[in-house]
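J.: This is the structure alone, sequence omitted:
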């Protein structure tokens with residue numbers, strides 16, 4: 001997590017359980033999977049629906065930047081202002097042929113206790 005607590009960097013091989021466990025201890029959260037066992041990479045690159053989607057948008061809407069390994073082996077940062085063509089191609093499932101994502105930088109927000117259940 002960044003010093004100002006607004007960005008959380010997540011490796012593509014994680015599951016949401018690991019991320020939620022860490023962020024919960026800090027009173028913070030990110031827009032992520034509804035099932036903690038889901039992998040980060042697939043959900044992020046496929047668009048992703050979250051319990052927070054009604055308020056913050058889809059999971060892919062909350063990616064601030066990607067670290068991408070290109071076919072030539074170079075590593076680039078893709079955001080709306082840097083390598084923006086790669087950034088926009090990555091969002092929502094259409095950009096899986098533009099390199100390998102090794103890190104996602106996610107918008108982070110304060111989260112108090114959240115109650116839920118089934119009836």
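T.: Noted; the coordinates are in hand. Fair warning: this is a prediction, and the values are worked out from it, not measured in the lab. Numbers count the residues shown, from 1 in each chain.

J.: Please name the strands paired to the biggest strand by length in the chain in the sheet, noting orientation.
T.: Counting residues, the longest strand found in the chain (DSSP state E) is strand 100-110. Neighbouring strands of strand 100-110 in its sheet, by DSSP bridges, are strand 7-11 (antiparallel), strand 28-30 (antiparallel), strand 63-69 (antiparallel).

J.: What distance do you get for residue 42 to residue 20?
T.: Look at residue 42 and residue 20: by Cβ to Cβ, to the nearest Å, they are 17 Å apart. All C-beta spots, glycine's among them, are computed from the backbone N, C-alpha and C.

J.: more neighbours, the two?
T.: Neighbour totals were compared for residue 42 and residue 20, and residue 20 leads with 16 against 13 (other Cβ atoms under 10 Å).

J.: Thought residue 29 was touching the more buried one, still the case?
T.: Yes: using Cβ atoms under 8 Å, residue 20 is in contact with residue 29, at 7.2 Å.
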